[in-house]
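Visitor: Here's a sequence, model it:
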Amino acid sequence: MTTVSSPTSLVAYAFPHIQWDALGSLRLTSQETALLRMAETNPIDYTLADSRDASMYARVLLKLLAESSAAGTGTGEVASFTEKCTEEQAMQALDVDPLGVVTHYALTKLHEIITTLSTAASGVSVSSVFYVGKDGLLVEQWKALLRILNKGGKGDLFAQKVASMSLAKILIASCPSKRSASADGKARPVSYASALEPMEALNAWIVNQLKNASGSMVGLASPALMVMMNAYESRMMFCQAGGIKYIARQLRVENGRNSDKKSKVGQGSVQQLYELTFCLWILTYELNQSHSIRADFAKDGQPVLALVELVSLAPREKVVRVALSSLRNLATCNSEEDPEPAMTTKYDGKHFLSEMIACGLMKSVSLLRERQFTDPDMMDDVSTLHKLLTENYHDMTRWEVYKNEVESGHLKWGSTHTEAFFKENARMIEGSDGDFHLLKVLIALLSGQDEEVTAIACYDIGEFVRHYPNGRAIAKRLGAKELVMPLIEHENPELQRHALQCVSKIMVNNWEYVK
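Guide: Model prediction:
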C-alpha cells in the first residue's frame with residue numbers, strides 16, 4: 001500500500017492549550033469534551049483499542065470540523081500562515097482564531113487515527129470505525145471533510161491537504177478490492193455503495209486541481225491522489241474522469257520559459273513531480289487489463305512525451321526511476337486480455353515504442369546506459385527499453401519515423417528534415433485520406449512555444465511547398481502563410497531565418513534561383 005506522510009500543522013504548539021469549555025460555538029456535550037480530554041492523556045493505541053470508543057472519538061473530531069467550518073473557519077488568521085509558528089505565535093493564533101486552531105487539531109488527530117488503524121494488528125480497522133450499523137454504512141459526518149475542500153483557493157491549504165488525504169483513506173476502505181476478512185474469518189459488512197458518491201466528489205476535486213491549479217497548488221491534491229491509487233475502483237474512477245491526461249499536462253515541461261533546463265522541469269517541487277509520476281506508474285499496471293486506459297495513455301501523445309522529458313531532464317534519480325519503469329510497462333503492454341472494440345485503433349507496446357522514438361527517448365536511454373546506478377531494477381529497465389527501442393526503430397521506415405515525430409509535436413533536427421527526405425516523401429504528406437493531416441499538424445506547431453520546434457515546422461512546410469505539386473496553394477489555403485509571416489520578425493535569429501525562407505518558398509515560383 002502506498003504510504004503518504006501527513007504534513008505537520010503550523011500551529012501545533014497551541015494544541016495542548018485549547019480550552020474546550022470556552023468554545024461554545026462547537027456545541028460539544030460534556031461527554032464529548034470528556035472524550036477529547038481522555039484521548040489527550042492516553043496513548044492513541046489505548047483510545048483505539050475498542051471499536052465503539054474509536055468510532056465515537058472519530059465522530060467527535062468530525063463534529064469539531066463540521067461546527068468550526070459552519071462558523072466560518074478556514075479563511076481566518078491560521079489559514080494565512082505559511083511558516084511554522086513559534087509557541088508564542090501559536091498561542092496568539094489561538095487567541096485570535098481559535099476555530100482555525102481547532103480545525104488543524106481535529107484534522108491532525110483524525111489523520112493520526114486513520115494512520116494508526118491502517119497499520120494496527122488489532123481487530124479495529126478504518127472500516128469498523130467509519131462504517132457503522134448492520135449494513136456498514138459510511139458515517140454521515142464525512143461531509144465535514146468535503147466542506148473543507150469546497151472552500152477552494154480561499155481555504156486553509158493545510159486543512160485541504162489533510163482533509164483530502166483523510167477522506168481518501170476512509171473511502172478506499174470500502175472498495176471491494178480492499179476488503180479483508182476479520183479474525184474469525186467472516187467479512188464485516190462495509191457498504192461500498194454508501195461511499196460511492198463521496199468518492200466521486202473527492203475524485204472530481206482532485207481532477208479539478210490537476211486541471212486548473214498550477215505550481216505548488218497541485219501539491220494539495222497529489223497526496224490524496226496517491227492514496228486513491230491504492231484501490232482498483234478509485235483508480236478506474238480517476239481514469240474515467242480524464243485523470244491521465246491532466247497528470248501528463250502537469251508533468252510537461254514549460255517549453256521556452258527558461259533556457260536553463262533544470263529550471264524548466266514541471267511546475268512544482270521534485271517531490272511533487274515524483275508523486276505525479278508515481279501515480280502514472282501505478283496506472284501503467286492496468287494497461288493489459290483495460291483498452292480504455294491504453295487509449296488514455298495514447299491520447300495526444302502527451303503522457304509518453306511527459307515521461308520521456310522527465311527521463312531526458314533527470315530532475316532526480318527517484319523521478320527517473322518511476323518514469324523509466326512506466327515507459328517499460330507501456331513498451332511491453334499488449335491487448336490480449338482486453339482487446340479494443342472493432343473498428344478502433346489498436347494500442348499496444350509497438351504503438352507506444354513508436355511514440356517514444358518520436359519523442360527522442362533512444363538518445364536519452366543510450367546516455368543512461370553509460371551511467372552507473374545503484375538500483376539494479378533501474379539498470380534492467382534501461383537495458384530492456386534500449387533493446388525494444390532499437391528493434392522497433394529498425395522495423396520502421398523513415399517515413400514512419402517522421403510521421404510519428406510530427407504527430408508527437410516533438411520535432412528535432414535530423415535526417416527526416418532535409419531536402420533529400422522531402423524529394424522522396426513529399427507526396428506522402430497528403431495522407432491516405434487526402435486530408436493533409438500532417439501538414440495541418442505542422443501548421444499548428446507554428447503557434448507553439450518551443451522555438452526549435454517552430455523553426456523545424458517552418459522548414460518542413462517550405463520543403464513540402466517546393467516538392468509537392470501545387471504545394472504553395474495548399475499551404476496558403478490551410479493558413480500557413482498568415483502564421484509564418486509574423487515569425488519573420490521573431491527575436492530568435494534562427495527561427496527568423498527559417499520563417500523568411502518558408503515565406504519565400506510559399507511566394508516564389510523558382511526558389512532555387514533566389515536560394
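Visitor: Only C-alpha atoms from now on, for both contacts and neighbour counts.
Guide: Fine.
Visitor: Which secondary structure element is home to the residue nearest to the spatial centre of the chain?
Guide: In the chain, the residue lying closest to the centroid (CA atoms, centre = their mean) is residue 247, at 2.7 Å. Per DSSP states H and E, residue 247 falls inside helix 243-251.
Visitor: now for that helix, which elements pack on it?
Guide: Contacts defined by 3 or more CA pairs under 8 Å, 6 or more residues apart in numbering; DSSP states H and E place helix 243-251 against helix 192-212, helix 270-284, helix 291-298, helix 302-313.
Visitor: Can you list the buried residues in the next helix or strand after the first one?
Guide: Toward the C-terminal end, the helix or strand that comes next after helix 192-212 (DSSP H and E) is helix 222-228. Of the residues in helix 222-228, 222, 223, 224, 225, 226, 227, 228 count as buried by neighbour count, 16 or more other CA atoms under 10 Å.
Visitor: Stretch 144-160 now?
Guide: Of the residues in stretch 144-160, 144, 145, 146, 147, 148, 149, 155, 156, 157, 158, 159, 160 count as buried by neighbour count, 16+ other CA under 10 Å.
Visitor: got the contact list for the helix holding residue 247?
Guide: Helix 243-251 is contacted from outside by 207, 210-211, 214, 238, 265-267, 273, 276-277, 280, 296-297, 299, 302-303, 306-307, using CA atoms under 8 Å, 6 or more residues apart in numbering.
Visitor: Make a PyMOL selection of whichever of the residues you listed turn out to be buried.
Guide: Burial among these is assessed by 16+ other CA under 10 Å; the matching PyMOL selection reads:
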select buried, resi 207+210+211+238+265+266+267+273+276+277+280+296+297+302+303+306+307
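Visitor: Show the average pLDDT along stretch 440-454.
Guide: Across stretch 440-454, pLDDT averages out at 93.
Visitor: can you check stretch 14-34 too?
Guide: 92.
Visitor: Also stretch 360-373?
Guide: Averaging pLDDT along stretch 360-373 gives 88.
Visitor: Stretch 236-253 now?
Guide: Here the average pLDDT along stretch 236-253 is 91.
Visitor: Pull out the buried residues from it.
Guide: Using 16+ other CA under 10 Å as the test for burial, stretch 236-253 gives 236-239, 243-253.
Visitor: Which positions within the host helix or strand of residue 381 qualify as buried?
Guide: If you go by DSSP H and E, residue 381 is part of helix 376-395. Neighbour counts over helix 376-395 (16+ other CA under 10 Å) mark 378, 379, 381, 382, 383, 385, 386, 388, 389, 392, 393 as buried.
Visitor: re the thing from before, now, which of the buried residues of helix 222-228 sits nearest residue 332?
Guide: Relative to residue 332, the closest of the buried residues of helix 222-228 is residue 226; by CA to CA it sits at 24.0 Å.
Visitor: isn't that closest one right up against residue 279?
Guide: Yes: Residue 226 is within contact range of residue 279, at 6.1 Å (criterion: CA atoms under 8 Å).
Visitor: Now do the helix holding residue 247 against helix 270-284, angle only.
Guide: 150 degrees (axes from the mean of the first three to the mean of the last three CA atoms, to 10 degrees).
Visitor: Could I get the full set of strands for the chain?
Guide: Listed from the start of the chain, the chain has strands (DSSP state E) covering 131-132, 137-138.
Visitor: Residues touching the first one, excluding its own?
Guide: The reference is to strand 131-132. Strand 131-132 is contacted from outside by 137, 138, 139, 190, 191, using CA under 8 Å, 6+ apart.
Visitor: In a markdown table: those residues, plus neighbour count.
Guide: Formatted as a markdown table, these follow (neighbours: other CA atoms under 10 Å):
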| residue | neighbour count |
| --- | --- |
| 137 | 19 |
| 138 | 25 |
| 139 | 18 |
| 190 | 24 |
| 191 | 20 |
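Visitor: Which single one of those is nearest to residue 87?
Guide: The closest of the contacts of strand 131-132 to residue 87 turns out to be residue 139 (CA to CA; 35.2 Å).
Visitor: Can you pull the phi/psi pair for the closest one?
Guide: When read as degrees, to the nearest 10, the backbone of residue 139 gives phi -60, psi 140.
Visitor: show me the contacts for it.
Guide: Applying CA under 8 Å, 6+ apart, we find residue 139 in contact with 130, 131, 132.
Visitor: Rebuild the buried residues of helix 222-228 as JSON lines, extending it with distance to residue 23.
Guide: As requested, these are exported to JSON lines (distance: CA to CA, whole Å):
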{"residue": "222", "distance to residue 23": "34"}
{"residue": "223", "distance to residue 23": "32"}
{"residue": "224", "distance to residue 23": "31"}
{"residue": "225", "distance to residue 23": "34"}
{"residue": "226", "distance to residue 23": "36"}
{"residue": "227", "distance to residue 23": "34"}
{"residue": "228", "distance to residue 23": "35"}
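Visitor: if we take those residues, which one ends up nearest to residue 195?
Guide: residue 228 (13.1 Å).
Visitor: Could you check how far the closest one is from residue 166?
Guide: Note on residue 228: its distance to residue 166, by CA to CA, to the nearest Å, is 11 Å.
Visitor: swap in residue 360?
Guide: Counting by CA to CA, the separation of residue 360 from residue 166 is 40 Å.
Visitor: which of the two has more neighbours?
Guide: More crowded of residue 360 and residue 166, by other CA atoms under 10 Å: residue 166, with 24 against 18.
Visitor: Tell me the pLDDT of the more buried one.
Guide: pLDDT recorded at residue 166 is 96.
Visitor: if I pick it, what's in contact with it?
Guide: Applying CA under 8 Å, 6+ apart to residue 166 gives the contacts 110, 111, 114, 224.
Visitor: Quick check: helices, which of those are part of them?
Guide: Judged by DSSP state H, the subset of the contacts of residue 166 located in helices is 110, 111, 114, 224.
Visitor: could those residues go into CSV alongside distance to residue 429?
Guide: Below are the ones in helices among the contacts of residue 166 laid out as CSV (distance: CA to CA, whole Å):
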residue, distance to residue 429
110, 60
111, 57
114, 58
224, 45
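Visitor: Got a ChimeraX select line for the buried ones in those residues?
Guide: Listed next is the ChimeraX selection for buried residues among those, using 16+ other CA under 10 Å:
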select :110,111,114,224
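Visitor: Kindly indicate which of the ones in helices among the contacts of residue 166 lies nearest residue 66.
Guide: Nearest to residue 66 among the ones in helices among the contacts of residue 166, with distances taken as CA to CA, is residue 110, at 13.1 Å.
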